[in-house]
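**Student:** Below are the sequence and a predicted model for it; my questions follow.
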Amino acid sequence: MKIREIKLMFVPVVLSVALSLGACADFLEETSESKRVMNNFYKTTEELEAGLLGVYATAKIVYEGAALGVANVGTDEVYAINASSNMGVADRYLYPASHNTVTQWYQRHFKIIQTANIIIDYAPKVPNIAEKDMNRIIGEAKVIRAWCYFRLVQTFGPVPVELKETTDISFRIRRNPIGEVYAAIIDDLKFAAGEGILPENITTGHVNRWVAKGMLAKVYLTLGTSMNRNPQPVPEYDELEYDPAELFGECLTLCDEIIASEKYSLCQTYGDIFLLGKKNGQESMWELQFSSSPGLGSNWSKQFGVQQTGNANAATVSCLVGSSSFAPPPSFYRYFKLGDSRRIWSIADYRVRYDTSTGDPLDLAYLKDESISDVTDETFNIDTDDPDSLKRSMISIPGGRLRVSKYRWGYGADPSMYWAETLSFESTNCPNNVIVLRYADILLMRIEADMLRNQGTAGSESLKIMNEQLLARARGWNAAANRYYTVEEMKEQALADARKWLDVATANHEKNPTAETETELAEARANFAAKEARCLVDYTAATLTYDELLTQRACELCFEFHRWFDLCRTGRLHTLAPARVVNPNSIPVINFNFEVNYLMPIPTYELDLAEDKSLFYQNYGY
């Protein structure tokens with residue numbers, strides 16, 4: 001695909017966005033003039049603004065089609081249900097260089113980059129444009145361009161860096177070294193984060209100065225941790241001249257600036273972040289905007305969703321059931337501690353049951369009531385602390401029915417009843433936004449950078465943020481007391497069944513002390529102690545280890561397209577992804593190659609059209 005072709009593909013996107021905005025008729029007229037050179041296209045600031053919206057619109061294409069699976073599946077957090085599908089092949093790192101997922105991911109990011117380049121190049125040429133408007137528009141386009149290059153360098157390593165609109169050359173001349181790619185990313189974000197470039201106030205759908213700072217903080221953290229990997233899966237990182245300690249310091253400073261701005265805060269209730277009626281809320285920093293208006297939605301969120309029983313078409317009409325292309329491994333369920341409301345919102349341990357004759361929803365059928373054996377009466381129990389019983393449940397058929405319930409499609413006041421609610425839009429045109437960056441991520445990055453600067457120990461401010469903000473919300477809102485649940489209140493709820501068994505066993509043994517009642521009492525005590533140890537309590541400097549922090553990132557940001565990047569940059573992808581536990585009869589294990597799979601292959605299509613294979617080459621092992 002030549003760059004000239006990419007450029008011409010961009011113009012209709014701009015036009016379609018402008019149509020939705022009611023822009024001037026001359027701008028909307030889609031004739032053969034759509035293909036004229038761009039310097040004659042943008043005549044006013046308004047037209048340039050419409051062009052910028054086209055860049056935002058184009059950015060959404062990486063969350064469609066086969067590209068959706070990249071950096072999503074193949075982790076300890078998500079696997080592809082259909083092992084033989086494109087997603088299933090990507091999930092087990094079996095993709096050849098010609099695979100559709102690889103090609104789409106690569107080409108779509110470069111398409112977005114080219115649309116951003118056009119805006120950046122032509123903004124200064126618009127007659128009578130105010131300097132403030134010009135800088136703002138360029139700044140926004142640079143954030144989007146940096147975001148694309150940031151994702152590309154993490155997935156492919158060296159990639160072509162082209163910062164100008166290109167017509168006679170392509171993105172296939174030379175793969176720039178990783179250090180040069182990061183330098184371009186940092187330059188773009190530093191410009192956008194500079195004084196007076198982007199507004200500090202929040203405008204829905206647009207990036208602002210705080211988003212630029214947040215993205216820059218993420219770049220510094222990613223670069224520093226990628227350099228610190230030991231063993232190092234991508235040797236080129238060992239050659240970089242950056243100082244990881246300085247990068248972590250820069251990340252910490254930027255996060256503290258965002259926190260001090262008080263522009264953002266955590267939503268009171270975790271699930272509210274993802275409700276259709278509460279999009280772009282107080283915690284959101286940057287969301288890619290989708291709408292249920294014709295052609296402006298997507299089915300990306302429907303690739304998640306709860307499983308049904310009794311109505312094969314439920315995904316097309318239900319506000320809770322999805323097509324379930326992606327699911328959480330049962331082992332990921334256990335990353336969450338007891339009393340964590342984020343697990344209850346994000347992972348469904350139930351199916352929506354339908355009347356098979358009418359197709360109407362009846363209730364929620366919980367997996368704990370399903371048998372895991374044809375021989376015994378053992379039922380699914382993923383909360384057990386018996387390791388053998390837990391393993392049997394994890395690899396059972398009911399274990400394969402755990403699903404992602406984080407994204408829902410209702411508008412009713414009670415999200416817990418969305419299973420009974422019918423879609424008010426087409427299931428292929430859902431209005432769920434993609435949250436690119438939110439405030440909780442800033443808080444977690446702040447804690448991580450602090451720990452990395454202090455030999456893995458969190459300082460007092462980081463512990464305060466973790467315990468009083470992130471964990472407090474995770475334990476849930478106590479509406480009666482108008483505050484979050486305390487640790488003791490959470491324990492009272494989470495340990496209710498264990499406490500009941502212990503009380504009964506204690507009473508039975510006191511009433512009739514026998515060897516049998518003594519054994520039962522010991523089992524009840526052990527069960528209570530094991531479950532109490534798994535409760536979501538506050539951390540201390542000793543208990544908040546680096547691995548524990550990364551687990552908290554996973555619990556907070558699960559299914560938001562972060563986990564693969566986190567595992568990759570911290571050098572844990574080759575250990576944690578293959579260690580996930582799923583039903584081996586339906587999902588083959590991941591055979592991860594440490595020397596190869598930390599990077600994806602350069603698409604065959606691109607390589608075949610490259611003139612100089614010594615400058616535009618394939619990644620090792622492909």
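**Tutor:** Yep, it's here.
**Student:** Going by C-alpha atoms from here, please, whenever you check contacts or count neighbours.
**Tutor:** Fine.
**Student:** Check the burial of residue 358 by counting its neighbours.
**Tutor:** Using other Cα atoms under 10 Å, residue 358 has 9 neighbouring residues.
**Student:** what's near enough to touch residue 612?
**Tutor:** When contacts are counted by Cα atoms under 8 Å, 6 or more residues apart in numbering, residue 612 touches residue 173.
**Student:** So for it, what's the pLDDT?
**Tutor:** With respect to pLDDT, residue 612 scores 93.
**Student:** Strands of this structure, residue ranges please.
**Tutor:** Along the chain, the segments classed as strands by DSSP state E run 79-80, 284-288, 308-309, 326-327, 347-348, 350-354, 361-366, 403-404, 434-438, 477-478, 483-484.
**Student:** May I see these organised as a markdown table, with distance to residue 491 and mean neighbour count added?
**Tutor:** Compiled in a markdown table, these are given as follows (distance: least, Cα to Cα, whole Å; neighbours: other Cα atoms under 10 Å):
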| stretch | distance to residue 491 | mean neighbour count |
| --- | --- | --- |
| strand 79-80 | 31 | 26 |
| strand 284-288 | 30 | 23 |
| strand 308-309 | 32 | 20 |
| strand 326-327 | 28 | 26 |
| strand 347-348 | 20 | 23 |
| strand 350-354 | 23 | 22 |
| strand 361-366 | 23 | 16 |
| strand 403-404 | 25 | 28 |
| strand 434-438 | 29 | 20 |
| strand 477-478 | 13 | 16 |
| strand 483-484 | 13 | 18 |
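**Student:** and of these, who's closest to residue 469?
**Tutor:** Among these, the nearest to residue 469 by Cα to Cα is strand 483-484 (9.7 Å).
**Student:** Show me what the closest one is packed up against.
**Tutor:** helix 472-475, strand 477-478 (3 or more Cα pairs under 8 Å, 6 or more residues apart in numbering; DSSP states H and E).
**Student:** Relative to residue 588, which of these is closest?
**Tutor:** Closest approach to residue 588 among the helices and strands packed on strand 483-484 is made by helix 472-475 (33.1 Å; Cα to Cα).
**Student:** follow-up on the earlier one: nearest to residue 439, out of the helices and strands packed on strand 483-484?
**Tutor:** helix 472-475 (13.2 Å).
**Student:** still on that earlier bit, so for residue 376, which of the strands of the chain sits nearest?
**Tutor:** Counting by Cα to Cα, residue 376 lies closest to strand 361-366 out of those; the figure is 19.2 Å.
**Student:** Any chance you could list what contacts that closest one?
**Tutor:** Against strand 361-366 from outside (Cα under 8 Å, 6+ apart): 349-355, 419-420.
**Student:** 6 Å - rerun?
**Tutor:** With Cα atoms under 6 Å, 6 or more residues apart in numbering as the test, strand 361-366 has contacts from 350-354, 420.
**Student:** I'd like these as JSON lines, with distance to residue 369 and pLDDT appended.
**Tutor:** As requested, the contacts of strand 361-366 are arranged in JSON lines below (distance: Cα to Cα, whole Å; pLDDT from 0 to 100):
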{"residue": "350", "distance to residue 369": "9", "pLDDT": "98"}
{"residue": "351", "distance to residue 369": "11", "pLDDT": "98"}
{"residue": "352", "distance to residue 369": "14", "pLDDT": "98"}
{"residue": "353", "distance to residue 369": "13", "pLDDT": "98"}
{"residue": "354", "distance to residue 369": "17", "pLDDT": "98"}
{"residue": "420", "distance to residue 369": "21", "pLDDT": "98"}
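**Student:** Low-confidence regions, this structure specifically.
**Tutor:** For the chain, applying pLDDT under 70 flags the ranges 1-40, 167-170.
**Student:** Determine which residue of this structure is most distant from the centre point.
**Tutor:** The C-alpha centroid of the chain is most remote from residue 512, which lies 54.9 Å away (Cα atoms, centre = their mean).
**Student:** so how far is residue 500 from that one?
**Tutor:** Note on residue 512: its distance to residue 500, by Cα to Cα, to the nearest Å, is 18 Å.
**Student:** Also residue 506?
**Tutor:** Between residue 506 and residue 500 the computed distance is 10 Å (Cα to Cα).
**Student:** and if you look at residue 284?
**Tutor:** Distance of residue 284 to residue 500, computed by Cα to Cα: 41 Å.
**Student:** do the same with residue 321
**Tutor:** With Cα to Cα as the criterion, residue 321 and residue 500 are 34 Å apart.
**Student:** between these two, which one's more packed in?
**Tutor:** Neighbour count, other Cα under 10 Å: between residue 321 and residue 500, residue 321 has more, with 28 against 13.
**Student:** Might you report the residue contacts of the more buried one?
**Tutor:** When contacts are counted by Cα under 6 Å, 6+ apart, residue 321 touches 305-307, 315.
**Student:** So which of those residues are in helices?
**Tutor:** When the contacts of residue 321 are checked against helices using DSSP state H, none is located there.
**Student:** With respect to residue 454, which of those is nearest?
**Tutor:** Residue 454 has its nearest neighbour among the contacts of residue 321 in residue 305, at 40.3 Å by Cα to Cα.
**Student:** Fine, thanks again, bye for now.
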